[in-house]
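Engineer: Next comes the sequence, and after it the predicted model I'd like to discuss.
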Amino acid sequence: MTNVDGCERISEQAYELNGDAPGELAAQCDGNGVSFVHISTDYIFDGTERKPYTESAEPNPIQVYGKSKLAGEQAVAEKLTDPLVARLSFVWGIHRGTGDLTGFPAWVCRQLRSGDAVPLFTDQWVTPTRAGQAAETLLDLIEQDATGCFHVACSACISPYEFGELIAESVNADQDLLSEGSMEDVNRDATRPAYSCLDVEHVESTLGRSQPTVREDVEAVREAFR
Ligand SMILES: NC(=O)c1ccc[n+]([C@@H]2O[C@H](COP(=O)([O-])OP(=O)(O)OC[C@H]3O[C@@H](n4cnc5c(N)ncnc54)[C@H](OP(=O)(O)O)[C@@H]3O)[C@@H](O)[C@H]2O)c1
């Protein structure tokens, strides 16, 4: 049975943390001459599109997390005249402290190493963001005094299954462990948009370079996949 009180509390906390706090942080940074970047998400979109979302696409979040993050974008826009906002998607990377893989590839690698089956969605599409790549991109945007909203992700719109195939290849694992799954197979508290790929043309033209393919992102941190 759903715990309504518990859900409401979590929802309130999400709005305080993701919705209100970014506006307060933005105001504090502004008052102290500190650069501020707001990190947002592809989950502000409803997932009904079938071509990558541009920065000007209409947000329409379908769950509390996406709604609270959109509230955060709005709170920042209320405090700053020209905010810098970066929307990321399906974030993964290397933990700076431990050097370990984080996010989806970490889970896939763990499953593959233990010889367990890896059911992966074929009906969800994302543009995975490597955290280190996003950090470099954000520093370059700050250096250029760029403002506005930027989608920061790799250039490939792929399913978790396709990402899993690439990961299995990178660690020379048995591809037969991968199996095709559907979002509908999993009963989750929060709905996820089925399609949340981000168009990265704006950041590419602003910085005058291409965003990496997902394969290039994996290659960039190949050591962590060993
Ligand atoms: N995850 C996604 O797929 C996704 C997609 C789109 C947007 N986003 C956005 O990306 C942001 C990060 O989300 P996430 O899912 O990556 O969160 P996360 O998994 O909780 O990772 C947060 C990272 O920040 C580090 N951290 C936390 N507090 C810190 C501090 N005070 N100083 C230095 N490092 C600190 C953590 O380090 P430790 O591990 O050492 O604690 C951790 O590595 C959020 O704004 C989220 O909305 C995430």
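Structural biologist: Structure's in. What do you need?
Engineer: drop to CA atoms for contacts and neighbour counts, all remaining ones
Structural biologist: Noted.
Engineer: And the top helix by length along the chain, what does it pack against?
Structural biologist: In the chain, with assignment by DSSP state H, the single longest helix is helix 64-79. Contacts defined by 3 or more C-alpha pairs under 8 Å, 6 or more residues apart in numbering; DSSP states H and E place helix 64-79 against helix 4-14, helix 21-31, strand 37-41.
Engineer: after it, next one along is what?
Structural biologist: Note on helix 64-79: by DSSP states H and E, the next helix or strand toward the C-terminus is strand 84-88.
Engineer: Partner strands of the helix or strand that that next one is followed by, with direction?
Structural biologist: Sequence-wise, the next helix or strand downstream of strand 84-88 (DSSP H and E) is strand 91-94. Paired strands of strand 91-94, with direction, are strand 101-102 (antiparallel), strand 129-130 (parallel) (DSSP bridges).
Engineer: Check whether strand 91-94 comes near the ligand.
Structural biologist: Yes: counting by C-alpha under 6 Å from any ligand atom, the ligand has neighbours in strand 91-94: residue 91.
Engineer: so what's residue 40 up against?
Structural biologist: 69, 70, 72, 73, 85, 86, 87, 88 (C-alpha atoms under 8 Å, 6 or more residues apart in numbering).
Engineer: Show me which of those residues is closest to residue 35.
Structural biologist: residue 85 (11.7 Å; C-alpha to C-alpha).
Engineer: Excluding chain neighbours, what is closest to residue 217?
Structural biologist: With sequence-adjacent residues excluded and distances taken as C-alpha to C-alpha, 6 or more residues apart in numbering, residue 217 is closest to residue 130, at 6.6 Å.
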